[in-house]
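> need the 3D shape of this:
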Amino acid sequence: MENSKAGRGRRYIDPGVHRRFDRRNTVFHRRAVYTGFDSYGPSHFDPADPELLELAEARASWTLHDNYPGAFRDSIIGDRKLVNSRPPFRFEFTSSEKASGNIKAVAKRFGASLVGLTRIDGSWLYSRERSGAPVMLPPEAAWAVVMAVEMDRECISRSPALSAAAESGRGYSRMAALAGAVGEYLRLLGYYARSCGNDTALSIPMAVDAGLGIMGRNGLLLTREYGPRVRLCKVLTDLELVQSSNDYPEPEDICSGCTLCAEACEADALSTDDGPSWKVLTGSNNPGVLRWPFDPEKCFDFWLQIGRDCSNCIAACPAVSRFANLQD
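Residues are numbered from 1 along each chain as shown. You can find the predicted model right below:
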């Protein structure tokens with residue numbers, strides 16, 4: 001399939017092996033022991049430690065993500081209606097091009113750093129959520145608005161310090177506000193809209209299909225503007241949109257010959273192989289996907305060891321300069 005079309009990510013799957021991923025197989029569910037920022041236990045808690053300032057900031061950074069009820073939903077919040085408490089009507093855009101331009105502009109104003117649009121490829125929907133509930137969408141919900149939120153370069157560069165963990169949390173809170181607001185905007189206009197963070201569907205292949213980047217050696221989305229320094233969210237809708245193009249090079253053009261992320265990974269969880277493969281390392285890997293192998297168990301064990309999340313592979317990635325050099 002041409003790179004400019006929806007479903008570019010499908011060329012990286014083996015349809016005879018690949019199946020929709022069960023979210024219960026993610027390392028966060030399979031190792032349901034992480035409570036976050038566990039390096040400060042009662043045995044060595046020191047109220048005079050200045051790092052407690054960063055710890056408080058890191059924990060506070062998740063506040064919106066963890067407590068905003070409108071972040072991840074598919075119905076209008078409360079009894080809000082657009083006009084005089086009337087039932088929602090359906091605003092009629094004059095064309096799918098006008099609708100696409102509008103939703104991109106609105107998403108940017110709500111805080112999106114990057115926005116792409118794509119027809120939903122059902123391969124990327126989870127088969128089941130962490131609760132075990134099957135993932136199902138209305139058949140008319142055929143489009144995804146995929147959005148990226150930039151994380152601060154300087155903060156991420158300090159990984160695995162708590163100040164980097166705080167920026168990760170801020171990224172999640174910003175994406176919760178963004179997905180919630182964009183979804184509510186569409187619902188108020190009478191359209192179906194399911195606001196999603198990491199739930200419902202795999203964000204990275206959807207972002208690839210929406211033209212936002214490629215999946216790199218570190219298993220993350222690589223963008224021209226920010227490299228992997230983004231958080232992703234999406235809104236699934238029945239509003240007819242226009243497919244975004246993907247004019248990115250192939251992942252091998254950026255990541256082959258560069259192993260900086262793998263060298264920076266203190267958990268030894270990333271591959272130094274020259275090219276992607278079909279290897280499956282753990283139960284958290286979905287078979288039938290061509291990618292650089294990644295061991296999330298090793299990564300997660302390192303998080304448990306240091307009591308916080310780690311962004312070393314993000315901080316070390318030179319994708320922005322490699323994209324620029326390739327264009328030159």
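> SS state for the spatially most central residue of the chain?
Nearest residue to the geometric centre of the chain (Cα atoms, centre = their mean): residue 232, 3.1 Å. Three-state call for residue 232 (DSSP: H, G, I helix; E, B strand; the rest coil): strand.
> quick check: the gap between the closest residue to it other than its chain neighbours and residue 196.
Closest residue to residue 232 apart from its sequence neighbours, by Cβ to Cβ, 6 or more residues apart in numbering: residue 203 at 4.0 Å. Glycine gets a C-beta too; all of them are placed from N, C-alpha and C. Computed as Cβ to Cβ, to the nearest Å, the residue 203 to residue 196 distance reads 8 Å.
> residue 23 too?
12 Å.
> in stretch 174-183, what's buried?
174, 175, 176, 177, 178, 179, 180, 181, 182, 183 (16 or more other Cβ atoms under 10 Å).
> ok so, going back, and for residue 203 and residue 196, which residues touch both?
Residues touching both residue 203 and residue 196 (Cβ atoms under 8 Å, 6 or more residues apart in numbering) are 233, 234.
> CA atoms of stretch 116-126 as PDB?
Only the C-alpha atoms of stretch 116-126 are listed here, as PDB (Å, rounded to 0.1, in the frame of the first residue of the first chain):
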ATOM      1  CA  GLY A 116      -3.200  13.700  11.900                       C
ATOM      2  CA  LEU A 117      -6.400  12.100  10.600                       C
ATOM      3  CA  THR A 118      -6.900   8.500   9.500                       C
ATOM      4  CA  ARG A 119      -9.500   5.900   8.700                       C
ATOM      5  CA  ILE A 120      -9.500   3.400  11.600                       C
ATOM      6  CA  ASP A 121      -7.700   0.200  10.900                       C
ATOM      7  CA  GLY A 122      -9.400  -2.400  13.100                       C
ATOM      8  CA  SER A 123      -6.100  -4.300  13.500                       C
ATOM      9  CA  TRP A 124      -5.000  -1.600  15.900                       C
ATOM     10  CA  LEU A 125      -8.100  -1.900  18.200                       C
ATOM     11  CA  TYR A 126      -7.400  -3.800  21.400                       C
END
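> let me see the mean pLDDT of it.
On average, the pLDDT along stretch 116-126 is 97.
> list the buried ones in that stretch?
116, 117, 118, 120, 121, 123, 124, 125, 126.
> same deal with stretch 88-101?
Under the neighbour-count criterion of 16+ other Cβ under 10 Å, stretch 88-101 has 93, 99, 100 buried.
> can those residues go into a markdown table with extra columns for secondary structure?
As requested, the buried residues of stretch 88-101 are exported to a markdown table (three-state DSSP):
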| residue | secondary structure |
| --- | --- |
| 93 | coil |
| 99 | helix |
| 100 | helix |
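> what's the helix or strand of the chain with the lowest mean pLDDT packed up against?
When each helix and strand of the chain is scored by mean pLDDT, DSSP states H and E, helix 27-30 comes last, with a mean of 83. Here helix 27-30 is seen to pack against helix 296-306 when contacts are counted using 3 or more Cβ pairs under 8 Å, 6 or more residues apart in numbering; DSSP states H and E.
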